[in-house]
Each structure stands twice: as C-alpha cells, then as structure tokens.
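K.L.:
Quick one: sequence plus predicted model below, questions after.
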Amino acid sequence: MRWQRQTLNADDGALPGLERAGFVRSVQTPEFEGITFHEVLCKSALNRVPESTLPFSWTINPMRGCSHACRYCFARGSHEYLDLDAGADFDSQIVVKTNVVPVLRRELHKRSWRRETVALGTNTDPYQRAEGRYRLMPGIISALTESGTGFSILTKGTLLRRDLSLLTSAAGQVPVHLAVSIAILDEELHKGLEPGTPSPRARLELVRALAEAGFAVNVMVAPVIPYLTDSQAHLDELFAAIAAAGAAGVTAFPMHLRGSTRGWFLNWLAQAHPALLRRYRQLYGRGASVTPEYSAWLRGRIEPLLEKHRLNRERPAEPEVRAAGSHTPDTQLALFA
C-alpha cells in the first residue's frame, strides 16, 4: 500500500499546543521526507473575521504551518500558539484538520448561516504539498457550492489544477474568486526565498490554465522585497509574463515583517545578502512596515508598469467569475503580508 512505510510518532502529541488543537496522531512518510503531519480533529471549520473593510467575513484554514517555507511568510507566528517554533517547525510540522469537511458541512447547514463569502489561503496555503495526501479541498469546494456559499482561493500551489473542473462547475453556481501568488521571477532568488513552492514558471502556467477556463485571475505580486525584487527590470519582466499568461489584474505591495517573521527573514538575509542588512534596518527601523517614503516610491514605480501591461483594468460590476484580491493593496497588506 502507498502509505505502508509511514511511521507514527505519538510523542509529538504530548505538546500542549497540539493537545489543545485536538491531536490524534503524527505521521511521517517517505513521500514527504523531512515533514511531519500532525493530524487533529477540529471543533469548527469556519473562522469569523473581526469587523473590517475586508470583502469577506469568514475564512477556512484546513492546515496550519506550510511546506512552501517562504522566508517572508506573515503567518509564521501562528505556529507558536501550538508550542512549535515559527521557523523550521512552521515549514516542516504541518497540522492537518482531517475532519474539516464534515465539520464544515455541519456549520453550513445551520439556519444561522447567511452564505457570506468565505476565503481560503488567507493564512497558510490550502494547496501546499500536504493537500496531495489529504485531499481536503474537493470536499470543501463541494460543501461551499452545495450550500450556495461563494468563496475565494489564494494559492501558490499548482495542485489547484487538479480541481479545475470542480471549480469551473462551482463558478456556474456561486461566485468563485481565484488568485495566484507570484512574487519572484528570478529562479535562483525563488529557490532561496520560497524553496518549497512550485517554480514561478509553473505558477504562470497555472494562471494561463485558469484564464483559459474562463476565470478572471488576479495575481498577487506580494510581497515586493526591497532591494531584491523591486527593480524596474524585475517588475517589468514579471508583469509582462503575468500579462502574457492572461491574468486580469495584479495587486502588489511591499514586504511586511511582523513578529517572528522579522527575525526569520533577517537571519536569511544576513547569510544570503549581508550587505543589505544595514539598509533594511534603516528601511524598517524597529517596526514591521517599510517607511512611507519607500511605499510612495514603490507605488510610483508599479503604477506605470500596471498601465503599460494593462494589468490595472477595471473589472465588470457582476462578472460571471470574479477574481480574488480585487480590493486595495492596503487591505491585502493586512491579510497576506
């Protein structure tokens, strides 16, 4: 059997954080070398978003932690709640809500459910590698569609193509918003900053496939990483490739270094680009955000390129399939950076 060589490590269940999360067992398999899956039973699938200007009020996070291992991931601090660290543990200790589909169906059938838009991919990627093992997304998509609930998905995972026919069918019944994250075009820089993600070219092909299927795909060029991906040449080449793939639009904003993410990213920077450390300390100071001057400078660089590549087009008021990420960069920053 495919999983015959898997091993169970019950000792991990002793972690207080995992016990709080409904721990069942820990699994390691040769197909996912270096990764441990912690299977848990969740009590709820729908997470209420505090009142804000966001275009959705609910999220679903089938997993916690992410094997994409992006150095800049804003969600790293969430792993500390589980008594796991925000660095290597976040990349390799993946918490999987194995019962998320039946729990979601139960919640969607409540009389109180108002069919408000639900967002996936606002914390960790629902199409990271673990989805290939657990196949949670088809059940989630079906449950949302059958209940008449519109949804959005933001992903770096080309595994989404597996569910393209299901998503196309869903879009005929409820609003379906799809967005793909592509922040880096340079292959070497991609390997250093996003070592567990599909290549930029593979994600561009995902955009193309979604566009050909009729989706108005938004691409998140986020975060823009100061002094590494903010050059005129890089952004121009990236936007040209995104436009050629058929994307409907782009949302771009600078990198945000909140909480534990700051130290994890700066440790990488010290090893890979030590000459930039001083400039980063000046740019970010003691906070999580770049200076207002840099934000204004970057906006002035990006906007003409969006116009040049026709990636700032207005979308129809009621398109058949709408794209995620059509709200403002500041709103996206609160979510994804």
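P.N.:
Good, I have the coordinates. This is a predicted model, so every value here is computed, not measured.
K.L.:
what's the average pLDDT for the helix or strand A243 falls within?
P.N.:
In this assignment (DSSP states H and E), A243 forms part of helix 232-244. Here helix 232-244 scores 98 as its mean pLDDT.
K.L.:
likewise stretch 78-90?
P.N.:
The pLDDT scores in stretch 78-90 average 91.
K.L.:
Could you check how many residues crowd around E39?
P.N.:
Using other Cβ atoms under 10 Å, the number of residues around E39 comes to 20. Yep, even glycine has a C-beta here, placed from its N, CA and C like the rest.
K.L.:
And the helices in the stretch 101-250 of the chain?
P.N.:
For the stretch 101-250 of the chain, the helices defined by DSSP state H, counting those that start in this stretch occupy 130-134, 137-146, 164-171, 187-193, 200-212, 232-244.
K.L.:
what's the closest of the ones you listed to R105?
P.N.:
The closest of the helices of the stretch 101-250 of the chain to R105 is helix 137-146. By Cβ to Cβ, the value is 4.8 Å.
K.L.:
Show me how far that closest one is from its chain's centre.
P.N.:
Distance of helix 137-146 from the chain centroid (Cα atoms, centre = their mean, to the nearest Å) equals 19 Å.
K.L.:
follow-up on the earlier one: could you dump the helices of the stretch 101-250 of the chain to a markdown table with distance to D83 and mean neighbour count?
P.N.:
Converted to a markdown table, these look like this (distance: least, Cβ to Cβ, whole Å; neighbours: other Cβ atoms under 10 Å):
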| stretch | distance to D83 | mean neighbour count |
| --- | --- | --- |
| helix 130-134 | 20 | 19 |
| helix 137-146 | 27 | 20 |
| helix 164-171 | 36 | 17 |
| helix 187-193 | 27 | 15 |
| helix 200-212 | 33 | 19 |
| helix 232-244 | 38 | 17 |
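K.L.:
Make a markdown table out of those helices and add distance to K110.
P.N.:
As requested, the helices of the stretch 101-250 of the chain are arranged in a markdown table below (distance: least, Cβ to Cβ, whole Å):
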| stretch | distance to K110 |
| --- | --- |
| helix 130-134 | 25 |
| helix 137-146 | 13 |
| helix 164-171 | 21 |
| helix 187-193 | 42 |
| helix 200-212 | 32 |
| helix 232-244 | 40 |
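K.L.:
coming back round to it: just the C-alphas of the helix holding A243, formatted as PDB.
P.N.:
Extracted C-alpha coordinates of helix 232-244, given in PDB (Å, rounded to 0.1, in the frame of the first residue of the first chain):
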ATOM      1  CA  GLN A 232      12.400  48.300 -12.700                       C
ATOM      2  CA  ALA A 233      13.800  45.400 -14.700                       C
ATOM      3  CA  HIS A 234      12.400  42.700 -12.500                       C
ATOM      4  CA  LEU A 235       9.000  44.200 -12.100                       C
ATOM      5  CA  ASP A 236       8.700  44.900 -15.800                       C
ATOM      6  CA  GLU A 237       9.700  41.400 -16.800                       C
ATOM      7  CA  LEU A 238       7.400  39.900 -14.200                       C
ATOM      8  CA  PHE A 239       4.300  42.000 -15.100                       C
ATOM      9  CA  ALA A 240       4.900  41.200 -18.800                       C
ATOM     10  CA  ALA A 241       5.000  37.500 -18.100                       C
ATOM     11  CA  ILE A 242       1.800  37.700 -15.900                       C
ATOM     12  CA  ALA A 243       0.000  39.700 -18.700                       C
ATOM     13  CA  ALA A 244       1.100  37.100 -21.300                       C
END
